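In: dropping a prediction and its sequence here:
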Amino acid sequence: MTSLAYDRTIQLGGEGRAPGWWAMVWTIATEAALFGFLLFSFYYLGSQSRSAWPPDGPLKLTLSLPNTILLILSSVAYMWGERGIRAGNQARLRLGLFIAFLLGLAFIIIQGIEWSKQPFGAGDGAFGSLFYTITGFHGAHVIIGLCMNVLVQIWAARGTFDRESHLAVTNAGMYWHFVDIVWLFVFASLYISPRLG
Amino acid sequence: MATLAPIATAPVERLHDTWEARPGLYGILATVDHKTIGKRYLVTSLVFLVLGGIEALIMRAQLTHANAHLLSPGAYDQLFTMHGITMIFWYASPVLSGFSNYIWPLMLGSRDMAYPRVNALSYWTFLASGIFIYTALCIGQAPNAGWFAYAPMTLRTFDPGLNMDFYALGLIFLTVSTTVGAINFIGTVMKMRAPGMSLNRLPIFVYGTMTASFAAVFSLPALTVAATYLYFERHFHMHFFDAAQGGSPLLWQHLFWMFGHPWVYIIVLPAMGMVSEMVPTFCRRPLVAYPYVALSTIATGIIGFGVWVHHMFATGLPGVSMSFFSGASIIIAIPSAIAVFAWIATMWLGTPVWKTPMMFVAGFVVLFVIGGVSGVVTAAVPFDWQVTDTYFVVAHIHYVLIGINVFPVVAAFYYWMPKITGRMMSETLGKWNFWTMFIGFNLGFFPMHISGLLGMPRRVYTYPASAGWGSVNLITTIGSAIFAVGVLLFVINIFVSLRRGAYAGSNPWDAGTLEWAMESPPPPYNFAVIPIIRSRLPLWEDQLGDATPGLIPGEGHSHVSEGVVLAEGRETFGTSPLEAHPLHVLHMPEDSMFPFLLAVAMLGTAYGLVFSLWWLAILGGVGMLACLIGWLWPRHLVTGERA
């Protein structure tokens, strides 16, 4: 509990989130809805499809499954770094951010290889169009998350953050975890769900 | 606890210097003052109202009699599409954002919105997307497939020009504006209320815009997704809506209406909220059934997500699905009826004072009931089949959107303009304004029900004399001309009041909510001291005493002219979401060019994408990234705020 020097009548609670934290929460909410509608389209057209869905049989898991694990590990690394700054440990923050960045970068590179190996293009029927649009939207979000990560790394290197004040780390982290969790839904829909039918 | 500092000691000079935008071009482009942004929103959306109105009048001239050839079919298509999207997207929602932006911090006892720079971005992207969509009209390639743009006629095969590319990209662009604006409203209602303004003391207007903002956050992405598919299908030969390639035209309809029906509530709930502010003021008593009106507002927002298929009853969906959505569409009438009965009861139990805003509000209630009834009947599937795509639906949408949006908006201008400009609008002209609009509207739009039942389809550029629709159409055209005269009187009244209106003083209507506490127009810092709130109607506590709603006996009264100063820079309180306990002192951002530059970069990208100038699109993208980095760069390494 702190009180204001120039007026002693209002006691400040001190608990509670900063406005910027809420801004990220609602940004993530609207982005989650975006992916919800993308996946709705996937299931809707899949359920209406008269031909094989996907056209060439279920997508291979050779690259995509390990890649999924990379992305999860990236989130774990970020979390580890963020816990570091909560304890005031600058070095751990920087290391965690850097590892998260490398794993995220690896994900996006492997995703590029995955795109080049598909037997269908974006213009080859509804499945192809949806596949490239949905993974493309997700890839764009990964790249935005990586940009945030780089910014946070730069600020961390300048010693911007401390135990109390590191909203940018928290916000970029929430976004990064969101991008990872939403990938699990994308992966489950595009890669796994056609195997269940 | 020490005594509160009296207002006389508030460093008003310092507050003024801290909060006022810098003079000159920089100040104009960089200001983040919610009042300036609100005024810009209001003026810009009125410009779009006039543009959309002119488009409508040209169409009415064409439809005055059978076999008219004032317009070619192609030009008519562009006009009805531009009329629809202008009114629905670039007028109806932004005008409400304008009022919310201007009024919210004043009503909530704050010095600004939660994210002032986001607020500026929201305005600049609104303006830029409007310029973008009207570029299409200027080059003769305006959107031309109706405001809901059903596939497959929007695909390149059937619509080869740039028309629908402008539509898709323009709507995505506007979505950015609306989404960031909605997040700003939500953040503001959660964090920026005066100490003590708990949820049960929030004005209904705040509930209205808050519910609309939640609906926007969750529904707008459906439009973004649909418009992205449309652009991809048209530009990159992808397949989402083309049935021959495994797509489905119904995918567009589902996505569009999953967005589109919540959108209806986005453009009416804040307007209904404004009505719930004006009715108590002019009936001289608190709103009847306040908690039920607040809850019905939220309920409408939620149920609004479950009714989209009623736009698709004629597409051959399974009977079970239609029954469900028909039921939901009928049920949504209940929360609306609660609000209507609350207003009527407030008028019944109060003593109505028939100033111009009250007349528009009463007119609104009449039109809302008519539009509501024509809505409930079309929720019944067999009736809907009979009138789908006829003028009956056109009549319904206009009763709903003009009745529930335009009438409350005009009322709100008469009500809040004295606060915004410091001057009253003319009552005499106002009465003329009301009667011409009310009579013109009903004369123009009621006959559309009849032409619809006679079988006249919407969106036909002309009709044969043998159809027998000539006289109803003539009456409709005369009515719309009278309505247009009413709108003209309204605009004239605004301009006259700016120069010759009587001075308003702080509270010309003797209203009870907080925005009437400070002088008119409000100073840049809104409140010299941050008020402390103990009831729902802080300015009526003297009159109502212990009967003031929201007042807890023994907790004391609201302090409006006494309180905490907060003048070490741009400061205001951050409060807790439910009880509005003060948690921390927020340091609000300074003016910034980045919102404006970001909108310019987005406009560049949009032009690049529509004209396939990829270098321009990429340049815009790089510009956006640069603006965002500059925006986020921590200037004063955020002080003392917990993450």
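Out: It's in. Numbers count the residues shown, from 1 in each chain, chains lettered A, B, ... in the order given.
In: for B:E562, give me phi and psi.
Out: Main-chain torsions, B:E562, degrees, to the nearest 10: phi -130, psi 140.
In: go on, B:Y503?
Out: phi -70, psi 140.
In: what do you get for the one 4 residues further on?
Out: Taking degrees, to the nearest 10, you get phi -140, psi 70 for the backbone angles of B:N507.
In: assign B:P352 to helix, strand or coil.
Out: Following DSSP: H, G, I helix; E, B strand; the rest coil, B:P352 is assigned to coil.
In: that one: neighbouring residues, count only.
Out: Using other Cβ atoms under 10 Å in any protein chain shown, B:P352 is surrounded by 16 other residues. Heads up, the C-betas are built off the backbone N, CA and C, glycines and all.
In: same deal with B:R14?
Out: B:R14 is flanked by 14 other residues according to other Cβ under 10 Å.
In: ditto for A:A29
Out: Around A:A29 sit 17 other residues, with neighbours defined as other Cβ under 10 Å.
In: correct me if wrong: it contacts B:A216.
Out: No. A:A29 is not in contact with B:A216 according to Cβ atoms under 8 Å; the separation is 10.9 Å.
In: burial count for B:A128?
Out: Residues lying near B:A128 (other Cβ under 10 Å) number 23.
In: and the gap between it and B:Y231?
Out: To B:Y231, B:A128 is 18 Å away according to Cβ to Cβ, to the nearest Å.
In: okay, now the unreliable bits of chain A?
Out: Within chain A, the ranges that satisfy pLDDT under 70 run A:1-11, A:13-14, A:197.
In: tell me where chain A has strands.
Out: Per DSSP state E, chain A carries strands over the ranges A:2-4, A:7-12.
In: list the contacts for the residue of the stretch 351-500 of chain B found nearest chain A?
Out: With Cβ to the nearest Cβ, the shortest gap between the stretch 351-500 of chain B and chain A falls at B:V381, namely 21.8 Å. By Cβ atoms under 8 Å, 6 or more residues apart in numbering or on different chains, the contact set of B:V381 is B:313, B:322-323, B:326.
In: select, from those, the two members most distant in space.
Out: Greatest spatial distance in these: B:F313 and B:S323, 10.7 Å, computed using Cβ to Cβ.
In: who's more crowded, those two?
Out: B:F313 (22 against 11).
In: count the neighbours of the closest residue to the more buried one other than its chain neighbours for me.
Out: Closest residue to B:F313 apart from its sequence neighbours, by Cβ to Cβ, 6 or more residues apart in numbering or on different chains: B:D384 at 4.6 Å. As a burial measure, B:D384 scores 21 neighbours (other Cβ under 10 Å).
In: tell me how far the nearest residue in space to A:Q153 that is not next to it in sequence lies from A:A157.
Out: Counting by Cβ to Cβ, 6+ apart, A:L97 is the residue found nearest to A:Q153 once chain neighbours are left out, at 5.0 Å. Taking Cβ to Cβ as the measure, A:L97 falls 10 Å from A:A157.
In: more neighbours: which of the two?
Out: Taking neighbours as other Cβ under 10 Å, A:L97 and A:A157 compare with A:L97 leading, 28 against 12.
In: I figured that one hits A:L151, correct?
Out: No. Applying Cβ under 8 Å, one finds A:L97 not in contact with A:L151, separated by 10.3 Å.
In: re the thing from before, closest one of the contacts of B:V381 to chain A?
Out: So of the contacts of B:V381, ranked by how close each gets to chain A (Cβ to the nearest Cβ), first place is B:M322, at 17.2 Å.
In: ok, the closest one touching B:V309?
Out: Yes. In this structure B:M322 lies within contact range of B:V309 using Cβ under 8 Å: 6.9 Å.
In: surely B:S506 is in a helix?
Out: No. With three-state DSSP as the criterion, B:S506 is coil rather than part of a helix.
In: look at the closest residue to it other than its chain neighbours and give its secondary structure.
Out: Distance criterion Cβ to Cβ, 6+ apart; nearest residue to B:S506, sequence neighbours excluded, is B:E519 at 5.3 Å. Of the three states, B:E519 takes coil under three-state DSSP.
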